[in-house]
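> here is my input, please return the structure:
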Amino acid sequence: MRYDAPVGNNGYISYLNKSKNDRYIVAGFTDSFDKNAKFMTFDMTLTSYNISEPVMLKLDANLESTAILPNDEAVTILHNGDLVIWGIRKVQTSQQLLGIGGAHAHTREVRCAFGRRPVPGNRFC
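Just a heads-up that it's a prediction; the model follows:
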């Protein structure tokens, strides 16, 4: 597979994962303009790609706060603590889970999740 299109203003892929069934590749980068996470997916069952503008999902989150779920879904924890479940196949959000009473789950920015490595500037995960 070859993909030569730019992924953003001076952006580069820094998150790479695959779906549980190995069909999709999830690529992500941090937008250098607004620091949001952007994700795009690739279907590995296709024999050729002819993509001029990939479908991207933009979330106010760190790339490292994303985990792949079964059934071709992913979950991302936003900076405000909300959980966003999104479909890998269509790169669209399907649910946003808030805290009790519709409030955000955290009052401070979430910097890491799922036991992954810390985000720069945060010593512990």
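
> elements contacting the helix or strand hosting residue 62?
Assigned by DSSP states H and E, residue 62 belongs to strand 61-69. Helices and strands touching strand 61-69, by 3 or more CB pairs under 8 Å, 6 or more residues apart in numbering; DSSP states H and E, are strand 15-18, strand 24-30, strand 37-43, strand 73-78. Glycine gets a C-beta too; all of them are placed from N, C-alpha and C.

> what would these look like in JSON lines with distance to residue 62 and mean neighbour count?
Below are the helices and strands packed on strand 61-69 laid out as JSON lines (distance: least, CB to CB, whole Å; neighbours: other CB atoms under 10 Å):
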{"stretch": "strand 15-18", "distance to residue 62": "9", "mean neighbour count": "14"}
{"stretch": "strand 24-30", "distance to residue 62": "8", "mean neighbour count": "20"}
{"stretch": "strand 37-43", "distance to residue 62": "6", "mean neighbour count": "20"}
{"stretch": "strand 73-78", "distance to residue 62": "8", "mean neighbour count": "21"}
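
> mean pLDDT for those strands - can I get that in JSON lines?
Output for the helices and strands packed on strand 61-69, formatted as JSON lines (pLDDT from 0 to 100):
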{"stretch": "strand 15-18", "mean pLDDT": "93"}
{"stretch": "strand 24-30", "mean pLDDT": "92"}
{"stretch": "strand 37-43", "mean pLDDT": "91"}
{"stretch": "strand 73-78", "mean pLDDT": "91"}
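
> good, wrapping up.
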